[in-house]
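A.B. asks: Let me see the structure of the following:
(chains A and B)
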There are 2 protein chains.
Amino acid sequence: MSLSIYDTTVPVFTRMLTNLLVFLDKAEADAAARKYSTDVLVDARLAPDMIPFRGQVMIATDHVKGCVSRLAGQPVPSWPDEEKTFDELRARVQKALDLLATITPEALSGGETRDVTLKMRTGEVTMNGLDYVNQRALPNFYFHITTAYAILRHNGVPLGKSDFIG
Amino acid sequence: MSLSIYDTTVPVFTRMLTNLLVFLDKAEADAAARKYSTDVLVDARLAPDMIPFRGQVMIATDHVKGCVSRLAGQPVPSWPDEEKTFDELRARVQKALDLLATITPEALSGGETRDVTLKMRTGEVTMNGLDYVNQRALPNFYFHITTAYAILRHNGVPLGKSDFIG
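C.D. replies: All right, here's what the predicted structure looks like:
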């Protein structure tokens, strides 16, 4: 068996975004049971200078569309960051899942050696597709999914590790 | 270029554990500057039923030794969970880094198709090495590294995303 860059990205993103939808469902059920608004969770943060829950969800999906587009040598689609409710966040996660469903292994073929150029605050950085996945796309993706989970847990939403792992 | 299971694990673990050492250094410096004991951070949690900081660090290293051993078809070494200070946690992270430094691409060759059997609460689960990496080892590893970071940030340690990404 030889591995492809598709194997290490698309099924991983799909699985974890599907788990993220479960976080949203369980948080909504908790809000109903404890009689608070999910708007509180949407804006909840772990520290005043960290990004709120809705930002964690949005940026997780940004890394998904960025990763598969860059590995395929395609322009990264622009999605306006306007989500403010659980239903809107759910729709954004579904949009990323729908995009992933269109990506074939062939579309990412050779993506591991393709030059990926990222615009950073400090200037442009170019690396090959494998380093981009290992050093940028996956760590960032997992960071934001985990932080979304942690914000909900910190606020008492009854999630467990098995929800995270799926 | 063909990818190997080594490419998707060992450099990733090494990079993120090296970043974790930076979290520890910066947290220790913050404790000195704000005059509190790092013992407080060692036991800090994001929720009363989540694992404290020291557990996050220990479990992150457990997933590293578990992953490389299982992919190589070797028994997983047992490390007692006795770390209670920053110096002891640092030593545990270094122990995992030292183990990673001994793992060659050849040792993991074919690991993606090797059957991996995990003992779960609900019984044994067997999956191939690639699914194990994608669905268990990497998500768990990133979960614990991110949660360690989040506990420190929640307690005001001045870390930033660039410390996480490295």
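
A.B. asks: Let me know the distance separating the most centrally placed residue in chain A from chain B.
C.D. replies: Computing the C-alpha centroid of chain A and ranking residues by CA atoms, centre = their mean puts A:A60 first, at 2.3 Å. From A:A60 over to chain B the distance is 12 Å, taken as CB to the nearest CB, to the nearest Å. Just so you know, the C-beta spots here come from the backbone N, C-alpha and C atoms, and that holds for glycine as well.

A.B. asks: That residue belongs to a helix?
C.D. replies: Yes. Under DSSP: H, G, I helix; E, B strand; the rest coil, A:A60 sits within a helix.

A.B. asks: give the contact list for it.
C.D. replies: A:17, A:20, A:96, A:141, A:144-145, A:148 (CB atoms under 8 Å, 6 or more residues apart in numbering or on different chains).

A.B. asks: For those, pick the one with the most neighbours.
C.D. replies: When neighbours are counted by other CB atoms under 10 Å in any protein chain shown, A:A148 leads the contacts of A:A60 with 28 neighbours.

A.B. asks: and the end-to-end length of stretch A:129-149?
C.D. replies: 28 Å (CA to CA, to the nearest Å).

A.B. asks: touching chain B at all, it?
C.D. replies: Yes. Stretch A:129-149 reaches chain B (CB under 8 Å from any CB of the partner chain) through A:130, A:134-136, A:138-140, A:142-143, A:146-147, A:149.

A.B. asks: got the buried residues for the top helix by length along chain A?
C.D. replies: If you go by DSSP state H, chain A has its longest helix at helix A:10-34. For helix A:10-34, the neighbour count (16 or more other CB atoms under 10 Å in any protein chain shown) marks A:10, A:12-14, A:16-17, A:19-20, A:23-24, A:26-28, A:30-31 as buried.

A.B. asks: Which of the residues you listed sits closest to B:F53?
C.D. replies: Nearest to B:F53 among the buried residues of helix A:10-34, counting by CB to CB, is A:F23 at 22.4 Å.

A.B. asks: before we move on, back to that, of the buried residues of helix A:10-34, closest to chain B?
C.D. replies: For the buried residues of helix A:10-34, the residue nearest chain B by CB to the nearest CB is A:V12; the value is 5.2 Å.

A.B. asks: mind checking pLDDT for that closest one?
C.D. replies: Here the pLDDT value assigned to A:V12 is 98.

A.B. asks: Neighbours of the nearest residue to it once chain neighbours are set aside, how many?
C.D. replies: Leaving aside its chain neighbours, A:V12 sits nearest to B:N134 (5.2 Å; criterion: CB to CB, 6 or more residues apart in numbering or on different chains). For B:N134, the neighbour count with other CB under 10 Å is 21.

A.B. asks: just A:L97 next, same as before
C.D. replies: For A:L97, the count of nearby residues is 17 (other CB under 10 Å).

A.B. asks: what do you get for A:T147?
C.D. replies: For A:T147, the neighbour count with other CB under 10 Å is 26.

A.B. asks: Touching, it and A:M50? I think so.
C.D. replies: Yes. With contact defined as CB atoms under 8 Å, A:T147 counts as touching A:M50 (7.4 Å).

A.B. asks: Look at A:T117 and tell me its secondary structure.
C.D. replies: Counting by three-state DSSP, the backbone at A:T117 sits in strand.

A.B. asks: That one against A:G129, yeah?
C.D. replies: No. Using CB under 8 Å, A:T117 is not in contact with A:G129; the gap is 11.3 Å.
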